[in-house]
Structures are given as C-alpha cells and as structure tokens.
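Visitor: model this:
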Amino acid sequence: MKDRVESLLCRLIREVERHIVVKNNVAYVVDPVFGIVRNRVNAEICKTLMRLDSRNPLIGKIINFLLKNQNEDGSWNEIHTNYNQPSALVTSFVGEALLMALKIFPRNKLEKSLNMAKDYVLSQEKSPGYFVKSKQYIADHLNVDASCGAFLAEYGKKFSDYECIKAARRAAERVCSYQFQNGVYPYTTDKGNYHYPLNIPCIHYQGVTMYYLAKIESILREDWIKKSLLSGAEWLSSVQKKDGKFDWSKSGLMFAYYLSGAYAFAFSSFVYVSKWDKKYLKNAELCLNALEENIDGLVLRWEKSSWLSFPISIFTVTKTALLGEYPLSHRMFRFGYGLYRQIARRRFAYNVDYKLFRLLCRILKISASTVEPSKNYPDMFMTSEVLDCLSYTYKSGELL
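Guide: I've put the predicted structure just below:
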C-alpha cells in the first residue's frame with residue numbers, strides 16, 4: 001500500500017507543479033479552473049512538499065507567499081469563487097504548515113507569524129471547544145473544532161504552551177460529546193445562520209473530522225478520543241461498499257455529496273485507527289481504489305459514474321433527501337440538489353460553466369459561497385486535500 005500511495009503522490013505533485021507561479025522569492029498555486037489563489041490550497045501543497053522532500057526550493061517561496069498574505073489580526077482568509085473572509089479554519093491549516101516549516105527555517109522567520117495565528121484561533125473560541133469558522137458561517141461545525149484543536153495541540157507541543165493544549169482538549173471534548181451513538185459526527189451541532197440545522201451525517205465530513213481529531217489524539221493520547229475514533233471508523237466502514245465506494249444515500253449534506261476527497265480523508269482515518277484494529281487496513285486500501293479511479297491530471301471534484309447507473313441513482317437521491325428532520329419543501333430542494341449533482345458528476349469538462357447554478361440561485365434565492373458547475377472537472381481544491389491526507393499518512397510510517 002505504501003508504494004501505491006507514493007505513486008499517487010508523485011503523479012499528483014507533477015500535475016500541481018504545472019500550476020505553480022514563481023515570482024522572485026514567492027511562489028503560489030493558481031486554480032486552473034477558477035483562476036483564484038487559495039491560502040488553504042497553498043498551505044496543503046506546501047505541507048505535502050515538506051513531507052516528500054524538505055529541500056525542494058518551492059517550499060520557501062510558498063512559505064513567503066503565505067507570510068505575506070497574513071492579515072494584521074493574525075488570520076488568513078478563506079477564499080472561494082465568491083467568498084473571501086478571515087477564517088479560523090484556514091488560519092489553522094496555514095499555521096500547521098508554518099509549524100512544519102520550523103524544521104527547515106530559523107524560528108525568527110516564522111515565530112511572530114505563528115504566535116499571531118495562535119492568538120487569532122484562540123480568539124475565535126466562543127464557548128468551550130467551539131471555534132467559529134468565519135464571519136459568514138457561525139454555526140458550530142465539528143470539523144472546524146477538530147481542525148482548530150489539531151493546530152493548537154501541535155502549537156502547544158512545539159512551544160510548551162499549556163493554554164493551547166487545554167484549548168485542544170476542549171475542542172476534542174466538544175467533538176466527542178456531540179458524536180451520535182452510531183459513531184456519526186454531525187456536520188453542525190446547531191443552526192447558526194443556516195436556514196436549517198445541519199446536524200446530519202456526512203461521509204465526507206466524517207472523514208475530515210476524524211482526520212483532525214486523530215491529530216489531537218496523537219498528542220493528548222486520551223483513551224476517550226481513541227474510543228470516539230474507533231466508533232467513527234465503525235460507522236464509516238458500514239457505509240463503504242465491497243468495491244470501496246461509499247453508499248452516498250447515507251450522507252445527507254448536499255454540498256458535500258459525492259466529493260472525491262472523501263476517500264482521502266477516510267483513507268487516512270482508517271489507517272490511523274488500524275493501529276488499534278487491523279481490520280481497517282482493508283477499508284483504507286479500498287479507498288485507494290476509489291481515489292485512483294477519480295483522477296484526470298488533478299483529482300476530479302466528484303466521484304464519477306456512468307449514465308447506465310443513473311436510474312438507480314434517483315433512488316439514492318431519494319433516500320438522501322429523507323435524511324434529517326426537514327419540512328417537505330426543503331426535502332424537495334434537497335432532492336433537486338442531489339439530482340443536479342448526479343447529472344453533473346456524469347458529465348465532464350476542463351473548463352466549467354456555472355451560469356446555470358447562478359441562475360438557479362437567483363430564482364430560488366439561495367446564498368452560496370461556492371459554485372456548483374453542471375459538469376465534473378479536475379479540481380485543485382480536492383487535489384490539495386488529497387495530497388495533504390496521503391502525504392501525512394505516508395510520512396507517519398504507519399503504511400505497509
């Protein structure tokens with residue numbers, strides 16, 4: 001399995017390097033579809049490069065880019081096609097990259113920036129373990145709590161900062177306390193400023209939450225986190241079919257429906273818990289099968305499929321639309337959203353057209369931070385997430 005991961009990493013990095021712009025002592029990754037430059041993507045690519053070869057000259061130049069884009073309050077912006085705001089979530093991702101870079105660069109180059117990032121993330125803890133994602137999204141997202149906790153745990157370990165360790169513990173406690181009895185980590189614990197609460201299961205964010213919660217566990221070494229991760233893995237394995245693909249009828253978060261990155265987060269999570277139960281190595285290997293099927297240069301945005309299976313997918317969407325406690329009108333919206341995704345993931349284009357989605361948003365009065373193209377496409381955002389997960393697990397030494 002280690003050879004397969006190494007092959008995937010090399011293959012994807014070669015493609016990503018085609019989209020890196022170098023200007024003097026600065027380098028950054030440009031999204032080939034949307035033409036934007038995301039802090040998160042650059043942080044995840046940088047982490048991957050450091051794990052694979054710390055001598056790569058691009059690393060220092062990407063670090064320079066990240067340092068130049070830090071806000072005065074210590075944060076970094078979360079950047080999407082029509083959304084650009086300071087975010088504790090993205091600040092945690094960039095902070096993790098800078099913590100890794102301490103092994104390569106002098107502390108005086110990074111320490112001030114890291115300290116500011118730490119202070120900003122701590123300032124976004126609005127109640128014990130609940131970290132606000134950003135100004136626009138104020139609900140309690142468990143994956144955000146876990147991500148912020150993971151950064152603070154690593155910062156606390158690196159700088160012997162016990163306040164950060166305590167904050168990481170609070171984040172883990174919150175994530176574990178809201179876990180369903182069947183092992184599911186719901187996307188949110190409250191409504192926030194969404195139209196409806198999103199305390200529903202999501203395959204993609206199950207893996208995301210586990211991935212970052214595992215990073216907290218690797219530092220705190222608490223038995224209750226271990227039990228929570230094993231319970232989460234049990235549910236995640238229960239929705240994985242024999243061919244490795246997920247049963248998306250069990251996943252209720254529509255904007256994360258069929259995201260291909262789900263297989264990378266699940267892969268890393270399965271490998272992590274396999275140190276306690278070896279049976280999950282098989283699940284991890286099956287995730288690699290699904291990932292390999294969904295690469296066209298970069299990783300595809302959504303899990304692809306054939307038109308022959310489209311009639312069956314209508315039943316899948318129907319089951320998905322029934323998840324959660326929502327009024328009939330919203331269930332119909334969820335059904336339409338899911339059907340739109342089923343069509344889009346079966347079509348393909350290198351250049352996306354999202355005019356139809358924007359038209360639907362105006363008609364239905366939907367406020368969306370991202371766009372939902374009507375065709376599948378090679379996605380830099382998914383690719384950077386996949387690279388981060390694969391390289392983290394590859395470097396951990398837990399692969400056979």
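Visitor: where does the most centrally placed residue in the chain land in three-state SS?
Guide: Nearest residue to the geometric centre of the chain (Cα atoms, centre = their mean): V208, 5.3 Å. Following DSSP: H, G, I helix; E, B strand; the rest coil, the label given to V208 is helix.
Visitor: tell me the contacts of it?
Guide: N143, A146, S147, F265 (Cβ atoms under 8 Å, 6 or more residues apart in numbering). To be clear about C-beta, it is placed using only N, CA and C from the backbone, and glycine gets the same treatment.
Visitor: and the helix or strand containing the last one, how far from the chain's centre?
Guide: Applying DSSP states H and E as the criterion places F265 in helix 262-273. The chain centre lies 12 Å from the centre of helix 262-273; the measure is Cα atoms, centre = their mean, to the nearest Å.
Visitor: following it, which helix or strand shows up next?
Guide: From helix 262-273, the next helix or strand downstream (DSSP H and E) is helix 280-293.
Visitor: pull out the buried residues from that following helix.
Guide: Buried positions in helix 280-293, judged by neighbour count with 16 or more other Cβ atoms under 10 Å: Y280, L281, N283, A284, E285, L286, C287, L288, A290, L291, E293.
Visitor: next one: stretch 24-36
Guide: Here stretch 24-36 shows V26, A27, Y28, V29, V30, D31, P32, V33, F34 as buried, counting by 16+ other Cβ under 10 Å.
Visitor: ok, stretch 13-23 next?
Guide: For stretch 13-23, by 16+ other Cβ under 10 Å, it's I13, E15, V16, H19, I20.
Visitor: go on, stretch 98-107?
Guide: Buried residues in stretch 98-107 (16+ other Cβ under 10 Å): L98, L99, M100, A101.
Visitor: cool, and stretch 252-259?
Guide: Result for stretch 252-259 [16+ other Cβ under 10 Å]: buried residues G252, L253, M254, A256, Y257, Y258, L259.
Visitor: how many neighbours does Q85 have?
Guide: 16 (other Cβ atoms under 10 Å).
Visitor: helix or strand for it, just tell me which one.
Guide: Per DSSP H and E: strand 83-87 holds Q85.
Visitor: what residues sit buried inside that strand?
Guide: Q85, P86, S87.
Visitor: can you check stretch 123-130 too?
Guide: Q124, E125, G129, Y130.
Visitor: just stretch 380-399 next, same as before
Guide: Result for stretch 380-399 [16+ other Cβ under 10 Å]: buried residues 380-394, 399.
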